[in-house]
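> coordinates for the following, if possible.
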Amino acid sequence: MSGAIGRRAFVGAIISAGAAAVLRPAPLEPAAPKRARLGFQLYTARREMARDVSGTLARVAVIGYDEVEFAGYFGNSPRAIRSALRAAGLSAPSAHIGMPELEGDWARTVADAAAIGHGFLYFAWVPDAHRTPDGYKRLAERFNRAGEAALASGVRFGYHNYTYDFTRAGDGFLYDVLLAETDPRYVTMQLDVYWLVDAGQDPLAYLARHRGRYSSLHLKDRTAAGHMADVGAGTIDWQRIIPAARVAGARHFFVEHDDPTDAFVSARTSLSHLRSLGI
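As a prediction, the model looks like this:
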């Protein structure tokens, strides 16, 4: 998801009761299924979703995706979202939320997520005021509390990284503070490959170093010039990263592009490239 101000406004203004209900994390499997279940992050098609949620989900299914990840419900009730998913033949293992949900009626957020059938809740944006080592430590405490409370209802809480997470903090980065201070029992991670690479970091190194912490990935490519691109139109080595992520425990992979010219063309292009790699 984008790190722009528009994203912050989007998260704060549009995401309604969002989240995620899922079973407690199982031990790592000895081998991942041969074919990855590929999903689509609906932030890519947020303009289309604002006009027609059911129609957008139907088109995503026709393109060939197995599942979707939500970034807002656009005024629809959990029952209506669940019905639209069922009609499209899609599952929705996760959703993104922001600070309003974390600071609001957490029990309601969890209940709504369970009603929709989500599996994970990923925190989507850290406000500027919290981007300090102490701020991240305080966030980690809040994440742990939220994650522990959510588990009582079978919900898993997680965090989605951005470039700003790789601001220096002592001998490491703010992101390392979050990894160290959050309890793996209560807080999982969603690795956005583009933003991590954009920050000059190696996804393979983080996957290897923190095996079992990453439950899902965001897949969007990065050109040599640093621009966001459809999967396959950049320089990121997906043939190495996705298998490594699966070995490390990730089971969900969501294609995303923050500002595509055409959301459905982007979705189709990225999916076609991933399947051509045998993923």
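
> all contacts plus neighbour counts: C-alpha atoms, from now on.
Will do.

> the helix or strand containing Ser266 - contacts with which helices or strands?
Element membership for Ser266 (DSSP states H and E) is helix 263-276. Applying 3 or more CA pairs under 8 Å, 6 or more residues apart in numbering; DSSP states H and E, one finds that helix 263-276 contacts helix 53-63, strand 252-255.

> please point out which parts of it sit buried.
263-264, 266-271, 273-274 (16 or more other CA atoms under 10 Å).

> just those now: which is nearest Ala208?
Closest approach between these and Ala208, by CA to CA: Leu274, at 22.0 Å.

> quick check: Val247 vs Val53, distance?
To Val53, Val247 is 34 Å away according to CA to CA, to the nearest Å.

> Asp202 too?
As judged by CA to CA, Asp202 and Val53 stand 36 Å apart.

> those two: who's more crowded?
With neighbours defined as other CA atoms under 10 Å, Asp202 and Val53 compare such that Val53 has more, 21 against 13.

> show me the contacts for the more buried one.
74, 84 (CA atoms under 8 Å, 6 or more residues apart in numbering).

> likewise the one 5 residues further on?
Applying CA under 8 Å, 6+ apart, one finds that Ala58 lies in contact with 87-88.

> got the confidence number for it?
With respect to pLDDT, Ala58 scores 98.

> hey, where'd the strands end up in the stretch 51-200 of the chain?
Taking DSSP state E, counting those that start in this stretch, the strands of the stretch 51-200 of the chain run over residues 67-70, 91-97, 120-123, 156-160, 168-169, 172-173, 187-192.

> just want the angle from the last one to strand 156-160.
Computed with axes from the mean of the first three to the mean of the last three CA atoms, to 10 degrees, the direction of strand 187-192 lies at 40 degrees from that of strand 156-160.

> other residues contacting strand 187-192?
122, 143-144, 147, 156-162, 213-219.

> what pairs with it, parallel or antiparallel?
If you go by DSSP bridges, strand 187-192 pairs up with strand 156-160 (parallel), strand 214-219 (parallel).

> in the sheet, who's paired with Phe253?
Beta-bridge partners of Phe253, as defined by DSSP bridges: Leu38, Leu217.

> before we move on, the earlier item: how about the helices and strands packed on helix 263-276 in JSON lines, adding distance to Ile116?
Converted to JSON lines, the helices and strands packed on helix 263-276 look like this (distance: least, CA to CA, whole Å):
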{"stretch": "helix 53-63", "distance to Ile116": "14"}
{"stretch": "strand 252-255", "distance to Ile116": "17"}
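
> and among these, the most buried is which?
Each of the helices and strands packed on helix 263-276 was scored by mean neighbour count; the highest is strand 252-255, a mean of 24, by mean count of other CA atoms under 10 Å.

> and for Ala87, the neighbour number?
13.

> please report how far the residue lying closest to it once chain neighbours are set aside lies from Leu85.
Nearest non-adjacent residue to Ala87, counting by CA to CA, 6 or more residues apart in numbering: Ala58, 7.7 Å away. Separation of Ala58 from Leu85 (CA to CA) stands at 8 Å.

> phi, psi for the nearest residue to Ser215 once chain neighbours are set aside please.
Nearest non-adjacent residue to Ser215, counting by CA to CA, 6+ apart: Ala250, 4.2 Å away. Dihedral pair for Ala250: phi -70, psi 140, per degrees, to the nearest 10.

> can you give me the pLDDT of Arg37?
pLDDT for Arg37: 85.

> wouldn't it be in contact with Gly64 here?
No. Counting by CA atoms under 8 Å, Arg37 stays clear of Gly64, with 10.4 Å between them.

> what residues does stretch 246-262 touch?
So stretch 246-262 is contacted by 1-2, 28-32, 36-44, 68-69, 207-208, 211-220, 228-231, 263, 266-267, 270-271 (CA under 8 Å, 6+ apart).
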